[in-house]
Structures are given as structure tokens and as C-alpha cells.
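# coords please:
(2 chains)
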Amino acid sequence: MKHTVAKTIKIWWHVALMAAQSQLSSGWSGIGFILGKIFRILLFFVFLFTILQTTKNLANYNQDQVIWFFLVFTFIDSLIQFVFRGVYQFRALVLSGNYDLDLLKPLPTFFRPLFGWADFQDLVILIPLVFSMAWFVITRHLVFSFPSLLLFLFLIIVSMSVALGLHLFIISLCILTTEIDHLVMIYRDVQALARFPTDIYAPVIQTVITYVVPIVVMITIPAKALLGPLSFLTVASVCLFAALFCFLAFRLWYFALARYSSASS
Amino acid sequence: MQKYLTLAKVSLQEYFVYRLNFYLWRFRNLISLLALVFFWLAIYGSRPSFLNYTKDQMLTYIVGIAFLRGLIFSSRTADLAGTIRNGDLNKWLLTPLSIFKSLLARDLSDKLLNTLFSFLEIFIVLKLFAFSFAGPTHLLTYLYFFVIVILAFFLYFFISITLSETGFWTEDIWATRWLFGIIFLDFFSGSIFPIDILPSQAVHLINLTPFPYLIFYPAKIWLEQISQAETLKAIFICFVWLIFFFWLSRFLFKKGLKHYEAYGG
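Numbering: from 1, shown residues only, chains lettered A, B, ... in the order given. Presented below is the predicted three-dimensional model:
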């Protein structure tokens, strides 16, 4: 098992490097996309500051804490886009039947759909972003304690597991319906709600974004972990939820895979 | 005229071939509209007014975005870039059809369908949140609104064609559209938030671009938040931008055709 995981990571690294070469080979395309991502972050920052200048706190979070939520959102969103960008190309594989070729390879069936294309333009964003986050938490004294920092890092891993589950749900639905682009964008539109602390939303919305599209688990709870102590019950519930979510996602994936009709191949 | 009407009908029929795709696209629009409403409701909380907008005005603005986006941003002109790159433009050049008029005919069917569905989505939101929809109190405002919407309709059409025409010179067609046709367009047109909540220097800069005349000014005119002089000025500037992009799109098309090598055509 350990050997298989190590081998899969090694293959991902090679695939990611090839994706990077492809992205770097097109000059303006790479620069244009990176500029777009940077502008989007900066423009949302301007919007955030505009709101925070008028209202000094949101849902009992002060300005620094609200900015921290935004930074964590941007970090996790970029990380997810970096790792799971392959999802956007899966529809073409299903429609053309070329996914058959991936099923013949000694790799997990979900490898190509999920990890087949790492987006290095997001990595370019991630590196300065991590430094900005570190600078921000240090200068604003946001780290509650050293264990809370460790818990934050642990919950980022849990967040990525939930993101894995979510993307598995999406690619499963792609096999069943051959639709994917709008599904991904619906998820991303809902995820955008977590740019701000999700506590500001009405309870019914919080329920949806905790259990249906679990962005609270993916973004808000990790962000909160750094700001103050989380109860053992909260952390245990998050881990249990992530495990259950991934289990269901894998069940749906294998259900959908059994119905893959290999059209056009 | 008849041939363009037929083209519009065929375009309309195309949507019903991939019905699930279309329904998911509209569902995504509903979700993004709901996400915006939830966000602003959360920001307002119990405040009656925020950033110079009453709660009803802001919600009307958000709902107005849904309508205006359906009417103005729904377009098939983005396809032109791909058509140029893959050589399919040959087909258009050989038919006794004007490419611009053909694109307009396809756009009209796209706008018709999207606007009709946006009414349905707006109806759902109005029923769900039961807020008082702010409408004009003067009859003349309806005329101003109608005029600027028609101008914005054509302005976006020619901006989008101009962006697509970069395909004559570069293979990286999506980066340009992503930067100017999505990121700048979304933020500077006021599709995410009203731009006049930003600092005045930022508003002055944004007003130098054509984008705010697409969504922001039509919405402001509807809300009667700008004076008659400002309304006429906005309509005039929108008209000037329209003339400019009309000329630019035709100029680039003529230049581009001389550069066109019909790869793959």
C-alpha cells in the first residue's frame, strides 16, 4: 500500500512537470491567466477593505480576523485548483472515449480525471500567498498557540480530503450525465461564500454549506483553528465527516464507473 | 433577413439538443444570484442602509444584475476566436452571409433564451425573499433605461467580437478573454458589487473604461440614483464607446483577414 502511494505520487510529479512545460510553452496565455488571478485577488481585497472601513467587524470577527478568513479562502481555493485542475478536462475524455486508455493503465481509475493536470499558474499564486499569510499572522499576532498552528495545518489536510471527495462526486456525475463544467462552477460559486466568515449567513445557509457543499469544513473551520481553540468534539466531527464524505464519494465513483459506456471509442 | 432569422432559430434549437447543459447553466446562474443575495443580506443584517444603498436598493441592484447579465452578457461571439483558430472561419467566408450579422442573429437567440430564464430566476428570488423591488418613479427613467440597455447590448457585442479577433494574431485566445472579458468585465461592470461603493479614485479610473456602462449605469438609472445630467452623460459616453468598438471590431476584422491563414480549415 505504502509502495503504491509512493509510486502514484511519483507519477503525479512527472505528469505535473509535463503540465508545467505545456503551460510555460505558451507565453501570453500563462502571463494572462496569472495576471487575471492576481487582479481578482487584489480587486476582492479592495472590496473587502471597502466593506471593513464601513463596518468595523463582521459576525464578531475584527478586521484582521476577517482578512485572515479571506486569505485562507484564497489559499485553499488556489491549492484545490492547483491539484484538481484535471477535472476540467475529464468531459472531453469521456465524450471521446479516450478515458478507456487511462483505465488500461496500472493507476487508480480516478488518477487521470482528478490529478491529470496540475495548474502551475495557481502555484505561482500560492507561493507569495503563503508568505503573505505567514507575514500577516506574525505581524498581527493571530496565532492563538503553537498547537493551534499545528491543528490549522492538520485541518488543511482534512480540507483537501473533502475537496477530493467533492471532485469525485463531480467526476462521477460527469460519467453519468456527461456534464461537468457547470457542476464545477456551481461548486465554485457556493465556495465563494467562504470569502467571508460563514457565521454571517442565516442558519439554513450554514447547514447547506456545512453538509451539502461542505465549504465550512474546508475553509471556515481551518481558518478558525488558528484564531482560537476548537473543541475536541468539533475536530472529531470534522474528521468523521471528511471520512464519511470521502467514503460516499468513492462509492458513487465506483457506481458511476460501472456505468461508463466507453462511447465513441 | 430571412436567412438570419433561420440562423437564430437554428441556434435556439441547438440549446435544446443539450438540454441538461442548458438547465445546469441556468441553475448555476440561480445559485450565483442566490449567493449574492445571501451575502448582501448577511452584510446588511439589521442595518436599513449600508454604503449609501438601502437594503431594498441593493437587492434590486443584485436582481437587476441577473436580468442585465442575461440580456447583455449572453453572447455567442466568444466562439469566433475558436472559429478563427481552427479554420472554421472558411465556412463563414464562403457563405453569402455577413459574419457580423450572423453573430448578431445567434446572439439574439442566446439573449432571448437567457433573458426569459432570468425572469424565472428573478421571480424565484423575489418570492423567496419578499423584498420591495425598487422601480423608477418617473416615466422618463424607463426611456433612459431602455436607451442605455440597447446601447450596452451592442457595446458588449462589439467588445466581445474585438476580444475574439485577437485569434487572428495569437493562439492564446482564452487568456485575453479571461483577463478582459471575465475578470475586468465582472469587476468593472459592477456585476459583483456596485462600483460606487469603492473609493472615489477607483471609481474615476473605472469610469474611464467601457465596462461600467454595461451593467452599473443601467442599474443606477433604474434606481434613479444619478441625476438627469449624469444619466445623459452616461448614455453619451456609452454611445461613444459603442462607436469606437464598432469601428475597432470592423478594422481588426479587415486587418485580421489579411493575416488569416486558415490553419486546419
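# please list all residues in contact with the residue of the stretch 1-150 of chain A found nearest chain B.
The nearest approach of the stretch 1-150 of chain A to chain B comes at A:G32, 2.8 Å away (Cβ to the nearest Cβ). Heads up, the C-betas are built off the backbone N, CA and C, glycines and all. A:G32 sits next to B:D172, B:A175, B:T176, B:W178, B:L179 when contact means Cβ atoms under 8 Å, 6 or more residues apart in numbering or on different chains.
# can you check A:F232 too?
So A:F232 contacts nothing (Cβ under 8 Å, 6+ apart).
# in which helix or strand does the residue of the stretch 1-150 of chain A closest to chain B reside?
helix A:27-54 (DSSP states H and E).
# which strands and helices sit next to the following helix or strand past that helix?
Downstream of helix A:27-54, the first helix or strand assigned by DSSP H and E is strand A:57-58. In terms of contacts (3 or more Cβ pairs under 8 Å, 6 or more residues apart in numbering or on different chains; DSSP states H and E), strand A:57-58 is packed against helix A:63-84.
# near chain A, anything from the host helix or strand of B:K3?
Secondary structure assigned from DSSP H and E places B:K3 in helix B:2-17. No: Helix B:2-17 lies out of reach of chain A by Cβ under 8 Å from any Cβ of the partner chain, never closer than 12.6 Å.
# which other helices and strands contact that helix?
Using 3+ Cβ pairs under 8 Å, 6+ apart, helix B:2-17 sits against helix B:99-129.
# nearest to A:I171, of the contacts of A:G32?
Distance to A:I171, by Cβ to Cβ, is smallest for B:W178 among the contacts of A:G32, at 23.4 Å.
# neighbours of that closest one, just the number please.
B:W178: 20 surrounding residues under other Cβ atoms under 10 Å in any protein chain shown.
# so it makes contact with A:G36?
Yes: using Cβ atoms under 8 Å, B:W178 is in contact with A:G36, at 4.9 Å.
# off-centre distance for stretch B:30-44?
20 Å (Cα atoms, centre = their mean, to the nearest Å).
# quick one: contacts of it?
Residues contacting stretch B:30-44 (Cβ under 8 Å, 6+ apart): A:51, A:55, A:58, A:186, A:189-190, A:192-193, A:196, A:200-202, A:205, B:50, B:55, B:58-59, B:62-63, B:65-66, B:121-122, B:124-125, B:129, B:192.
# those residues in helices, which ones?
In this view, those that belong to helices under DSSP state H are A:51, A:186, A:189-190, A:205, B:55, B:58-59, B:62-63, B:65-66, B:121-122, B:124-125, B:129.
# how many neighbouring residues does the residue in chain B that chain A sits nearest to have?
Chain B approaches chain A most closely through B:A175 (2.8 Å), counting by Cβ to the nearest Cβ. As a burial measure, B:A175 scores 23 neighbours (other Cβ under 10 Å).
# go on, the one 4 residues further on?
By other Cβ under 10 Å, 22 other residues sit near B:L179.
# ok, now B:F184?
B:F184: 18 neighbours (other Cβ under 10 Å).
# so how far is A:Q206 from it?
33 Å (Cβ to Cβ, to the nearest Å).
# same check, this time on A:F152
From A:F152 over to A:Q206 (counting by Cβ to Cβ), the distance is 21 Å.
# over to A:T234?
The gap separating A:T234 from A:Q206 is 14 Å, by Cβ to Cβ.
# try B:S11
Separation of B:S11 from A:Q206 (Cβ to Cβ): 41 Å.
# neighbour count for the two, which is higher?
Neighbour count, other Cβ under 10 Å: between B:S11 and A:Q206, B:S11 has more, with 19 against 16.
# what sits against the more buried one?
Contacts of B:S11 (Cβ under 8 Å, 6+ apart): B:R76, B:A105, B:R106, B:S109, B:D110.
# give me the pLDDT value at the second one.
B:A105 carries a pLDDT score of 92 in this model.
# need the residues of chain A near chain B, please.
A:26-33, A:35-36, A:39-40, A:43, A:46-47, A:50-51, A:54-55, A:58, A:177, A:179, A:182-183, A:185-186, A:189-190, A:192-193, A:196, A:200-202, A:205.
# tell me how far the lengthiest helix in chain A lies from the chain's centre.
Secondary structure assigned by DSSP H gives helix A:146-177 as the longest helix of chain A. Computed by Cα atoms, centre = their mean, the separation of helix A:146-177 from the middle of its chain amounts to 7 Å.
# can you give me the helices for the stretch 151-265 of chain B?
Under the criterion DSSP state H, counting those that start in this stretch, the stretch 151-265 of chain B contains helices at B:173-176, B:185-188, B:200-207, B:216-222, B:228-259.
# most neighbours per residue, which of these?
Across the helices of the stretch 151-265 of chain B, averaging neighbours per residue (mean count of other Cβ atoms under 10 Å in any protein chain shown) puts helix B:216-222 on top, at a mean of 26.
# tell me, how many neighbours does the residue nearest to A:V124 when sequence neighbours are not counted end up with?
Leaving out its chain neighbours, the residue that sits closest to A:V124 by Cβ to Cβ, 6 or more residues apart in numbering or on different chains is A:I34, at 5.4 Å. Applying other Cβ under 10 Å, we find 18 residues neighbouring A:I34.
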